[in-house]
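**Student:** 3D model of this:
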Amino acid sequence: MTADPAGSVNDFPAGFQTGFPIRPDLVVEAVGPDDVRDAVARAAADGLRVAVHATGHGLPGAVDGGVLISTARMDSVRIDPVRRTAAVGAGTTWGQVIEAAAPHGLAPLNGSAPGVGAVSYTLGGGLGILAREFGYAADRVRSLDVVTGDGVRRHVSPEDEPELFWGLRGGGHRLGVVTGLETGLVPVARLYGGSLAFDGDGEAGARVLRRWLEWTRTVPDALTSSLSALGYPDVPQMPEAMRGRYVISVRVAYTGSAAEGERLVAPLRAIGPASADSLREMPYADSPTIHNDPPFPHAYYGDGLMLSGLDAGRALRVLELTGRKAPMMTVVQLNHLGGALATGPAAENAVPFREAGFLLRLLSPLDGTDVASVRALYEEVGAVVAPLALGRSLNFSFGGGDRTGGFHDARTQKRLAGLVSRYDPASLFGGSYGISRDGR
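**Tutor:** Residues are numbered from 1 along each chain as shown. As a prediction, this is how the structure comes out:
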């Protein structure tokens, strides 16, 4: 363990998220669970708050004072091919788990970006690219190792402290520092997937959106898809095919045969000529290419709204507000939910809003844009879908330390609050429920 006082924003790297200053009083770079326990104990003795940093994808906002525990060096992964499990350290990324599981014909329930921390992502629920077939990543967790706010190392499972086991899976980071977990893997060695990109301007874009919404009502649970809309800047760094264009892309991951995949996506191809088409059969290890999330650190702000359903009129209004005429660049993504997400073990963990049919995600780069302006736009978008909104997604509230409500239904929130009073009586971790540290 290394523990150093921090005096400026540059004393600790922000990792992937660079939009918010990180100025803790003390940084602890943990290499094992005992380091985490000692850091929590020191924070409690000094009356300091505790924040946790893995890869930095989903930082909630600024860290000002307190103890910051970095788990980045705790990046172990061990695959048990017989039991189909992965033992994952607190700093391990999804890319590491995918790579380790692939030789055994297995896959984790990872998200779209390989650089996201697997543990942090799972604690927030974990919406993956195979979600409609296999459910949330939190549903597959077998056990967790955690240091709670009272400074105790605990092994948590359905048999050992089952109430804490319930709360950690979907409750985020407000109950302690999870130092590792064991999760189940699925027997997926390859899939049919990729993306189709279309012209998103005017009636052409409206046609793509309508057809995708109609199509989602026909697909099997083995197919998970999302739609994204983004106006690309007219700069030399952009690929010529995308430069200065407003593009709507449909992303697909299907575990059935390539022939059946081709049949299922035929209605999408019938929309019209695609500007890019990467749909193909691929080894699961290539699944991060479906979304091609940017790998470089940057500053951004984002939110995620869980919706009971979505009609074309409201969806088109969202694209109108966030498109070319928007005051700042905003990426819109709609995730099709349902399937195993809705039928999973709702009473067995704290993942909320399983009845949601869609997730609306908003993300805005902060370079040259202030957070207040972004929030004003998001409030306008939120008003459009308010009649359909069930709550907010814990995994996708990037930079959202200023928004700590709406992540759980009232019953789940009350139950989680009881766990906080028991396991973190001094409120070292903030007491309320807000943010997962890694979100994609």
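**Student:** from here on, contacts and neighbour counts on C-alpha atoms
**Tutor:** OK.
**Student:** For Ala101, what is the enclosing helix or strand?
**Tutor:** For Ala101, the element it lies in under DSSP states H and E is helix 94-101.
**Student:** what's that helix packed up against?
**Tutor:** Applying 3 or more Cα pairs under 8 Å, 6 or more residues apart in numbering; DSSP states H and E, one finds that helix 94-101 contacts strand 77-80, strand 85-89.
**Student:** Quick check: which of those strands is buried the most?
**Tutor:** Ranked by mean neighbour count, these are led by strand 85-89 with a mean of 24 (mean count of other Cα atoms under 10 Å).
**Student:** Direction included, what does it pair against?
**Tutor:** Under the criterion DSSP bridges, strand 85-89 sits next to strand 77-80 (antiparallel), strand 176-184 (antiparallel) in its sheet.
**Student:** quick one, that strand and helix 94-101 angle?
**Tutor:** Strand 85-89 runs at 140 degrees relative to helix 94-101, counting by axes from the mean of the first three to the mean of the last three Cα atoms, to 10 degrees.
**Student:** the helices in the stretch 101-250 of the chain, which residues?
**Tutor:** 118-123, 131-134, 162-171, 202-216 (DSSP state H, counting those that start in this stretch).
**Student:** roughly how far out does the second one sit from the chain middle?
**Tutor:** Same thing as helix 131-134. Centroid displacement of helix 131-134 relative to its chain, using Cα atoms, centre = their mean, to the nearest Å, is 15 Å.
**Student:** Need the residues that contact it.
**Tutor:** Contacts to helix 131-134, defined as Cα atoms under 8 Å, 6 or more residues apart in numbering, come from residues 109, 221-224, 337-341.
**Student:** can we see that at 10 Å?
**Tutor:** For helix 131-134, the external contacting residues (Cα atoms under 10 Å, 6 or more residues apart in numbering) are 109-111, 128, 137, 140, 186, 220-225, 253-255, 336-344.
**Student:** Would you mind checking these for buried ones?
**Tutor:** Neighbour counting with 16 or more other Cα atoms under 10 Å marks 109-111, 128, 137, 140, 186, 221-225, 253-255, 336-342, 344 as buried within the contacts of helix 131-134.
**Student:** just the helices of the stretch 101-250 of the chain: most buried one?
**Tutor:** Most buried of those by mean neighbour count (mean count of other Cα under 10 Å) is helix 118-123; its value is a mean of 31.
**Student:** ok so, going back, CA atoms only: put the helix holding Ala101 into PDB for me.
**Tutor:** In PDB, the C-alpha atoms belonging to helix 94-101 read as follows (Å, rounded to 0.1, in the frame of the first residue of the first chain):
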ATOM      1  CA  TRP A  94     -14.100  -6.100 -18.400                       C
ATOM      2  CA  GLY A  95     -11.600  -6.400 -21.200                       C
ATOM      3  CA  GLN A  96      -9.400  -8.500 -18.900                       C
ATOM      4  CA  VAL A  97     -12.300 -10.800 -18.000                       C
ATOM      5  CA  ILE A  98     -13.300 -11.200 -21.600                       C
ATOM      6  CA  GLU A  99      -9.800 -12.100 -22.600                       C
ATOM      7  CA  ALA A 100      -9.300 -14.600 -19.700                       C
ATOM      8  CA  ALA A 101     -12.700 -16.300 -20.300                       C
END
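**Student:** Flag every buried residue along it.
**Tutor:** So, applying 16+ other Cα under 10 Å, buried residues of helix 94-101: 94-101.
**Student:** which among these gets closest to Arg83?
**Tutor:** Within those, the smallest distance to Arg83 is 12.1 Å, found for Ala101 (Cα to Cα).
**Student:** which SSE is Arg314 in?
**Tutor:** Judged by DSSP H and E, Arg314 forms part of helix 312-322.
**Student:** got a list of contacts for that helix?
**Tutor:** Residues from elsewhere that reach helix 312-322 (Cα under 10 Å, 6+ apart): 200-202, 205-207, 209-214, 228-231, 323, 325-332, 334, 360, 362, 364, 377-378, 380-385, 388.
**Student:** Mean confidence (pLDDT) on it, please.
**Tutor:** The average pLDDT within helix 312-322 is 97.
**Student:** Now do that helix against helix 202-216, angle only.
**Tutor:** On the basis of the same axes, to 10 degrees, helix 312-322 is oriented at 130 degrees to helix 202-216.
**Student:** Only the C-alpha atoms, please, for helix 312-322, written as CSV.
**Tutor:** C-alpha atoms of helix 312-322 as CSV (Å, rounded to 0.1, in the frame of the first residue of the first chain):
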residue,chain,number,x,y,z
ALA,A,312,-42.0,7.4,-31.7
GLY,A,313,-43.3,10.9,-31.0
ARG,A,314,-41.4,11.4,-27.8
ALA,A,315,-38.3,9.7,-29.1
LEU,A,316,-38.3,12.0,-32.1
ARG,A,317,-38.7,15.1,-29.9
VAL,A,318,-35.7,13.9,-27.8
LEU,A,319,-33.6,13.7,-31.0
GLU,A,320,-34.8,17.1,-32.0
LEU,A,321,-33.7,18.7,-28.7
THR,A,322,-30.3,16.9,-28.7
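**Student:** buried set for that helix?
**Tutor:** So, applying 16+ other Cα under 10 Å, buried residues of helix 312-322: 312, 315-316, 318-322.
**Student:** Throw these into CSV and include distance to Arg37, thanks.
**Tutor:** Shown next, in CSV, are these (distance: Cα to Cα, whole Å):
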residue, distance to Arg37
Ala312, 50
Ala315, 47
Leu316, 50
Val318, 45
Leu319, 47
Glu320, 49
Leu321, 47
Thr322, 44
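**Student:** Show me the strands in the stretch 301-440 of the chain, by range?
**Tutor:** Assigned by DSSP state E, counting those that start in this stretch, the strands in the stretch 301-440 of the chain fall at 331-336, 358-365, 389-392.
**Student:** Relative to Leu144, tell me which of the ones you listed wins on proximity.
**Tutor:** Among the strands of the stretch 301-440 of the chain, the nearest to Leu144 by Cα to Cα is strand 389-392 (24.9 Å).
**Student:** Off-centre distance for the closest one?
**Tutor:** Counting by Cα atoms, centre = their mean, strand 389-392 is centred 16 Å from the centre of its parent chain.
**Student:** Not counting its own residues, what contacts it?
**Tutor:** Residues outside strand 389-392 that contact it (Cα under 10 Å, 6+ apart): 303-310, 352-356, 358-361, 382-383, 403-409, 434.
**Student:** Poorly predicted segments of the protein, please.
**Tutor:** Along the chain, the parts satisfying pLDDT under 70 run over 1-14, 60-61, 237-239, 241, 345-347, 400, 431-440.
**Student:** same thing but at 80, please
**Tutor:** Across the chain, the ranges flagged by pLDDT under 80 are 1-15, 56, 58-62, 232-243, 344-347, 400-404, 430-440.
**Student:** Tell me who's in contact with Glu260.
**Tutor:** Contacts of Glu260 by Cα under 10 Å, 6+ apart are 192, 254, 266.
**Student:** can you rerun that using 7 Å?
**Tutor:** With contact set as Cα atoms under 7 Å, 6 or more residues apart in numbering, Glu260 has no partners.
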